[in-house]
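[1] kindly generate the corresponding structure for this input.
(one chain, ligands or ions: 1)
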Amino acid sequence: MFNLILFGPPGSGKGTQSEKLIAKYELKHLSTGDLLRSEIANQTPLGLEAKSFMDKGQLVPDEVVIGMISSALDGHPEAKGFLFDGFPRTEAQAEALDKLLKLKKTAIHLMLALDVSEEELVKRLLGRGKTSGRSDDTNEEVIRARIVEYHKKTSPVADYYAKFDKVKHIKGEGTIDEIFDALCEQVDMKKK
Ligand code: B4P
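    A predicted model of the protein is given here:
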């Protein structure tokens, strides 16, 4: 099994690069953002709870997201590996993920962190907001709140994995293909 975390601030290209990485390396894509949006679309109680946080640019509570990931892992016993996109976003989520993977006798092999400047992030997300219908992408104040939340609660997650020497930083600005090539280089080195 090969388990990868794609990490970075909102709008850094995690969703975009994940699509390409799962196709190349035959990994199962687990995006907590996508899972939460599907719960919202289906108007489940979990979705209704999550929406109130997402619309304000805040993180959804850990227990909600961890429960969702745990079911998703159990739902794919056939997977050759997982690509975690947008998860873990707090240290508590990282610790929970380590425990869940340990129960399955596996672990995280690599975290790839996309580095992008704040102005570029805001530009991309406002651009996506014009076409995506995502309510958290249309308001600049909400976008900035998501970036603040990222610095406060999510960026320490990279320090957590760095302690185990599992983090590689990649420049997340440039063309989508240039960034993809840089990510693949790191995956290929790790898989050797
Ligand atoms: P997510 O769905 O994870 O989304 P994201 O961080 O906003 O975007 P991503 O980085 O995937 O950007 P993308 O590739 O699409 O989170 C949404 C919300 O869900 C969070 O704010 C939070 O409330 C909640 N949530 C999710 N997971 C959670 C968790 N674990 N715990 C608690 N809460 C959680 O790219 C963005 C745009 O840039 C696109 O328009 C794309 O086309 C463009 N782009 C991509 N690469 C580019 C490039 N190289 N150059 C130019 N543009 C590029």
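[2] what's around the residue in the chain positioned nearest to the ligand, how many residues?
    Nearest to the ligand, among the residues of the chain, is residue 33, at 1.8 Å (C-beta to the nearest ligand atom). Any C-beta I mention is one placed from the backbone N, CA and C, and that applies to glycine too. Residues lying near residue 33 (other C-beta atoms under 10 Å) number 18.
[3] likewise residue 19?
    Neighbour tally, residue 19, other C-beta under 10 Å: 14.
[4] can you pull the contacts of it?
    residue 29 (C-beta atoms under 8 Å, 6 or more residues apart in numbering).
[5] one step back: correct me if wrong: the residue of the chain closest to the ligand contacts residue 89.
    No: judged on C-beta atoms under 8 Å, residue 33 makes no contact with residue 89 at a distance of 9.7 Å.
[6] so what does the spatially most central residue of the chain look like in phi/psi?
    Nearest to the mean C-alpha position of the chain, by C-alpha atoms, centre = their mean, lies residue 86 at 1.4 Å. Per-residue torsions, residue 86: phi 80, psi 10 (degrees, to the nearest 10).
[7] again, but for residue 9
    According to degrees, to the nearest 10, residue 9 has phi -70, psi 170.
[8] tally of neighbours for residue 7?
    27.
[9] what's the distance between it and residue 144?
    20 Å (C-beta to C-beta, to the nearest Å).
[10] quick one on the thing from earlier: quick check: the residue nearest to the centre of the chain touching residue 35?
    No: counting by C-beta under 8 Å, residue 86 sits too far from residue 35 to count as a contact (9.2 Å).
[11] list of residues touching stretch 70-78?
    So stretch 70-78 is contacted by 28, 30, 35, 82, 96, 100-101, 104 (C-beta under 8 Å, 6+ apart).
[12] report whether it contacts the ligand.
    No: judged by C-beta under 6 Å from any ligand atom, stretch 70-78 stays clear of the ligand, getting no closer than 11.8 Å.
[13] the closest residue in space to residue 21 that isn't next to it in sequence in helix, strand or coil?
    Of all residues beyond its chain neighbours, the one nearest residue 21 is residue 83 (5.8 Å), with distances taken as C-beta to C-beta, 6 or more residues apart in numbering. Per DSSP: H, G, I helix; E, B strand; the rest coil, the local secondary structure of residue 83 is strand.
[14] and the helix or strand harbouring residue 19, how far out from the chain middle?
    Per DSSP states H and E: residue 19 is located in helix 14-25. Relative to its chain's centre, helix 14-25 lies at 12 Å (C-alpha atoms, centre = their mean, to the nearest Å).
[15] enumerate every residue touching the residue nearest to the centre of the chain.
    By C-beta under 8 Å, 6+ apart, the contact set of residue 86 is 14-15, 31-33.
[16] report the buried members of those.
    By neighbour count, with 16 or more other C-beta atoms under 10 Å, the contacts of residue 86 hold 14-15, 31-33 as buried.
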